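Visitor: could you look at this predicted model? Sequence included:
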Amino acid sequence: MDLDLARQAQDGDESAFAEIVRRYSPRVFSVASRFFRQRTLVEEAAQDVFLKAYTQLGSFEGRGSLEGWLTRIATNTCLNIVRGAKRRPELSVADLTDDEEGWLEQQSAGDGGEPASVETSLVATDLADRVLSVLSPEDQQALLMIDGEEASIKEVAEATGWSESKVKVRAFRARKKVREAMEKLLSYKNKGARADSTAD
Amino acid sequence: MKDKHITEILDNTSIPMLSESELNDIRIHALECMSCRGAYEAARLSAVVLKSRVQATIEPSPFFQTRVMAALREQQAVESVPPMLRLWGSAKALVSAMAVTTAALAVVSFMQPSQATPAPDQAASVYSAYSVIMDQDAEEQMSYEQVLSTIYEDDDDAR
């Protein structure tokens, strides 16, 4: 089915390619959303992915799923875009907003669980970007796929083209760095809280 | 387990993936070990924020398919033009501008100087040492009438 659609599109059937875009754009957007948070950037990346996929349709042999094949193109395209962009500034606790501090405090007090509202969810997402900024784009992806999307090592290896051992190493290293970054944020926050209570 | 630090376990697996018994062991150790308590807390919060991050997924807009198809047609239109023509298409403006500039320079160089200013060698010949001397002589030379009038003036004076 996927292979037929790919062959039709390759033979110049526009409606077949339009069907591929319609069917798999949610998956491609989901991959691009791991890399970017702005809609315009996600859409641009997704468009690049489909244009690239169109030119490479001949290389799809139908051994895996078309979705898997597109996921791999999407991951590599987005990685290339991110590699070309400037790295984010280093983790700085001074940049923590009041909302972020409040969220950390609430969670540390055991008031946690899943974020309750859209606002708290956004705060958590901002904090995620903050701690993820200490990682390379590749390590970020490994961690987000395994710990965020609960993908298996094998799935990550297929989506990225890395070996399974490389994925494991990346995930371990990324988890450690993120944990240390979060510890740093928490220790600064606690120092700040102690300073406030002394001042009172 | 009680005496063994838990950071390696925390870095090996995400907290939600740990079994209940592993979590119990970690909690017990964290109660007694200050540094591991901080590590556990950080790992737990990291897992929560990472979950939030992947949930922030952007859905494709209803126009996305149309946009991709339009971009594809544009790309195909560009690719259908022969490379030399494509090169000409992008270089056309530059080549035209260069041609106009060259023509303008040619006009300025060859047309205007002949009308307005003498050529450098002409100017040199006008002001050459020879001509200056000769011209001076010419200016000082008296005309035939002047000579005659001078002679006759002298004669008149004599009378």
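Guide: Received it, and whenever you're ready, just let me know what you need.
Visitor: please enumerate the strands of chain B.
Guide: If you assign secondary structure with DSSP state E, chain B ends up with no strands.
Visitor: chain center to the helix ranked longest in it: distance?
Guide: Longest helix of chain B, by residue count under DSSP state H: helix B:83-110. Centroid separation for helix B:83-110 versus its chain: 19 Å, with Cα atoms, centre = their mean, to the nearest Å.
Visitor: cool, and stretch A:6-26?
Guide: Centre to centre, stretch against its chain (Cα atoms, centre = their mean), the figure for stretch A:6-26 is 26 Å.
Visitor: give me the contact list for that stretch.
Guide: Residues from elsewhere that reach stretch A:6-26 (Cβ atoms under 8 Å, 6 or more residues apart in numbering or on different chains): A:5, A:46, A:50, A:53-54, A:57-58, A:60, A:62, A:66-67, A:70, B:59-60, B:64-65, B:68-69, B:72. In short, each C-beta sits where N, CA and C put it, glycine included.
Visitor: any of those buried? List them.
Guide: Burial by neighbour count, 16 or more other Cβ atoms under 10 Å in any protein chain shown: within those this picks out A:5, A:46, A:50, A:53-54, A:57, A:60, A:66, A:70, B:60, B:64-65, B:68-69, B:72.
Visitor: and which of those is nearest residue B:87?
Guide: Of all those, the one with the least separation from residue B:87 (Cβ to Cβ) is residue B:72, at 22.9 Å.
Visitor: against residue A:32, how distant is residue A:77?
Guide: Here the distance between residue A:77 and residue A:32 works out to 8 Å (Cβ to Cβ, to the nearest Å).
Visitor: joint contacts of those two?
Guide: Overlap of the contact sets of residue A:77 and residue A:32 (by Cβ under 8 Å, 6+ apart) consists of A:45, A:49.
Visitor: compare the two (neighbour count), which wins?
Guide: For residue A:77 versus residue A:32, neighbours defined as other Cβ atoms under 10 Å in any protein chain shown are more numerous around residue A:32 (27 against 22).
Visitor: how close does the more buried one get to residue A:168?
Guide: The spacing between residue A:32 and residue A:168, counted by Cβ to Cβ, is 25 Å.
Visitor: quick one: which helix or strand includes residue A:122?
Guide: With the criterion set as DSSP states H and E, the secondary-structure element containing residue A:122 is helix A:118-132.
Visitor: let me know the average pLDDT across that helix.
Guide: Averaged over helix A:118-132, pLDDT sits at 85.
Visitor: does it reach chain B?
Guide: Yes: taking Cβ under 8 Å from any Cβ of the partner chain as the criterion, helix A:118-132 and chain B are in contact, through A:121, A:122, A:124, A:125, A:127, A:128, A:129, A:131, A:132.
Visitor: residues near the second one, how many?
Guide: One way to gauge burial is a neighbour count; for residue A:122, by other Cβ under 10 Å, it gives 16.
Visitor: residue contacts, the nearest residue to it once chain neighbours are set aside?
Guide: Once its chain neighbours are removed from consideration, residue A:122 has its nearest residue in residue B:56; the separation is 7.8 Å (Cβ to Cβ, 6 or more residues apart in numbering or on different chains). Shown here is residue B:56, whose contacts under the criterion Cβ under 8 Å, 6+ apart are A:33, A:37, A:121, A:122, A:125.
Visitor: what are the phi and psi values for residue B:56?
Guide: phi -80, psi 70 (degrees, to the nearest 10).
Visitor: over to residue A:61?
Guide: Recorded main-chain torsions at residue A:61 are phi -100, psi 0, according to degrees, to the nearest 10.
Visitor: where does the chain have low pLDDT?
Guide: No chain was given, so I picked chain A. Counting by pLDDT under 70, chain A shows low-confidence ranges at A:86-95, A:110-116, A:118, A:189-200.
Visitor: switch to chain B, please.
Guide: The model of chain B has pLDDT under 70 over residues B:1-4, B:86, B:112-142, B:154-159.
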